[in-house]
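Enquirer: how would this look folded up:
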Amino acid sequence: MAASSPASLAIGLITAATVALSAAPTPAAAAPKPSEAQLRAQLKQLNSKVDKLIERYNLKRVELAKAQDAAKAATARLTTAEQTLTDAEQRVAEIARLRYQNGDPTLMTGFLHPSNASGAALLEQLTAEQQAVVAIVAKARDDRQRASEEAAALASRIKVDAAEVNKQRDEAEDVIKDIRKKLADLVPFGTGRNANGSWAPELPSGSDNITARTRLMKAQVEKNFALPFTVGCFRSGSSGEHPLGRACDFMMSTGGSMPSATNNALGDRVADWALKNKGKLGVKYVIWRQRINHGSGWSSMSDRGSITENHYDHVHISMN
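Expert: All right, here's what the predicted structure looks like:
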């Protein structure tokens, strides 16, 4: 066999390499990250799912309570019937004793050997009466037994359902936590952040007379929370960051009144969110409910004389 020339060998190697590369599997494309809108839609669906699971669990608990009440009522009816039977038995014995003491043994003998019509009739009447009471007692016992069995079966079923509901709720809450974390990661960084973590000064701009960082913070709060009232940022003739365009007040009530419990809780969430995203947005401090927090914990403030001045009706966020 003739030896291959160097040129032929080179061409063969190139061809083999080309074939090998074309045959090699291409790396799988990474799955695209969900958008913020998609994450928020997932969060809304999961919150709805959790609410439905809790509602189902509570309905089962209500059913169990009703079954337990039915069992208690049946037990009460049985107790009454048993007392009625005892009273009837005592009444029969009393009648027999009185008749015997009055020299008329027909009733007593009638019970044993009903030889005459009057004794037999009385015996038949009392026996029928006693049997009726016994039937009432028997029915009450059956009712109680049936109610108790229904309550026990329902309790057993609810136990299984509750375990499943709790499992599904835990799974949903785990996903919710993950989505919240991803949403938090989507909070953008404010402008003018230095490499050492400090913030460069910014001039106010735009018709709202606030800085770009303040505008971003305001937009993010409005995006993440359903705010019940207005947001006030720039105002002249006051101290602090407002005239500098570096602060906003997120109102939780109007007219200088205390917020509702719902809006108080909302204010807590807004304040916590701002502090959690302090490093991203450039938050300097937060004031809420006569307390101030620079990022290292809440500190009480002196009484300024009114609900508004003490920041009970609004969350104040100041920016660097």
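Enquirer: C-alpha only now, for contacts and for neighbours.
Expert: Will do.
Enquirer: How far away from the center of its chain is the helix or strand hosting Val133?
Expert: For Val133, the host element (DSSP states H and E) is helix 117-185. What separates the centre of helix 117-185 from the centre of its chain is 27 Å, taken as CA atoms, centre = their mean, to the nearest Å.
Enquirer: Now do the strands in this protein.
Expert: For the chain, applying DSSP state E gives strands covering 231-232, 247-251, 283-287, 291-293, 298-300, 314-319.
Enquirer: mind putting these in TSV, mean neighbour count, mean pLDDT and distance to Thr86 included?
Expert: As requested, those are exported to TSV (neighbours: other CA atoms under 10 Å; pLDDT from 0 to 100; distance: least, CA to CA, whole Å):
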stretch	mean neighbour count	mean pLDDT	distance to Thr86
strand 231-232	16	98	77
strand 247-251	25	98	72
strand 283-287	22	98	75
strand 291-293	18	98	72
strand 298-300	12	97	72
strand 314-319	26	98	72
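Enquirer: could I get these as CSV with distance to Glu55?
Expert: Shown next, in CSV, are the strands of the chain (distance: least, CA to CA, whole Å):
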stretch, distance to Glu55
strand 231-232, 35
strand 247-251, 33
strand 283-287, 37
strand 291-293, 37
strand 298-300, 36
strand 314-319, 33
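Enquirer: Relative to Asn224, which of those is closest?
Expert: The closest of those to Asn224 is strand 247-251. By CA to CA, the value is 12.9 Å.
Enquirer: other SSEs contacting that closest one?
Expert: helix 212-224, strand 231-232, strand 314-319 (3 or more CA pairs under 8 Å, 6 or more residues apart in numbering; DSSP states H and E).
Enquirer: How about residues contacting the first one?
Expert: Right, helix 212-224. Under the criterion CA atoms under 8 Å, 6 or more residues apart in numbering, residues 187, 190-191, 202, 204-205, 245-248, 270, 274, 281-282, 319 lie in contact with helix 212-224.
Enquirer: Pick out the most distant pair among the residues you listed.
Expert: Farthest-apart pair in the contacts of helix 212-224 is Ser205 and Val270; separation 24.8 Å (CA to CA).
Enquirer: between those two, who's got more neighbours?
Expert: The neighbour comparison of Ser205 against Val270 (other CA atoms under 10 Å) goes to Val270, with 23 against 12.
Enquirer: Tell me, how many residues neighbour Asn47?
Expert: Neighbourhood size, Asn47 [other CA under 10 Å]: 16.
Enquirer: Who are the contact partners of it?
Expert: Taking CA under 8 Å, 6+ apart, one finds Ala172, Ile176 in contact with Asn47.
Enquirer: In TSV: the helices and strands packed on strand 247-251, plus distance to Ala121.
Expert: Output for these, formatted as TSV (distance: least, CA to CA, whole Å):
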stretch	distance to Ala121
helix 212-224	88
strand 231-232	94
strand 314-319	89
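Enquirer: Tell me the bridge partners for Ser299.
Expert: Beta-bridge partners for Ser299, by DSSP bridges, are Ile292.
Enquirer: and it, how far is that from Ala74?
Expert: 60 Å (CA to CA, to the nearest Å).
Enquirer: dump the residue contacts of Ala200.
Expert: Contacts of Ala200 by CA under 8 Å, 6+ apart are Gly192, Arg193, Asn194.
Enquirer: Tell me the backbone dihedrals of it, please.
Expert: Here is the backbone geometry of Ala200 (degrees, to the nearest 10): phi -70, psi 150.
Enquirer: quick one, domains of this structure?
Expert: 36-185, 212-319 (automatic domain parsing).
Enquirer: Can you say which of the ones you listed is nearest to Ser198?
Expert: For the domains of the chain, the distance to Ser198 is smallest for domain 212-319, at 8.5 Å, taking CA to CA.
Enquirer: Distance from the chain centre to the closest one, please.
Expert: With CA atoms, centre = their mean, you get 27 Å for domain 212-319.
Enquirer: cool, and stretch 187-198?
Expert: Centroid displacement of stretch 187-198 relative to its chain, using CA atoms, centre = their mean, is 36 Å.
Enquirer: can I get the CA coordinates of it in PDB?
Expert: Extracted in PDB, the C-alpha atoms of stretch 187-198 (Å, rounded to 0.1, in the frame of the first residue of the first chain):
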ATOM      1  CA  VAL A 187     -35.200  45.800  42.900                       C
ATOM      2  CA  PRO A 188     -32.700  48.000  40.900                       C
ATOM      3  CA  PHE A 189     -29.700  49.800  42.300                       C
ATOM      4  CA  GLY A 190     -30.000  53.500  42.700                       C
ATOM      5  CA  THR A 191     -27.700  55.800  40.700                       C
ATOM      6  CA  GLY A 192     -24.500  57.300  42.100                       C
ATOM      7  CA  ARG A 193     -23.300  54.400  44.200                       C
ATOM      8  CA  ASN A 194     -19.600  54.500  44.800                       C
ATOM      9  CA  ALA A 195     -17.400  51.400  44.900                       C
ATOM     10  CA  ASN A 196     -17.000  51.700  48.700                       C
ATOM     11  CA  GLY A 197     -20.800  51.600  49.200                       C
ATOM     12  CA  SER A 198     -21.200  55.400  49.800                       C
END
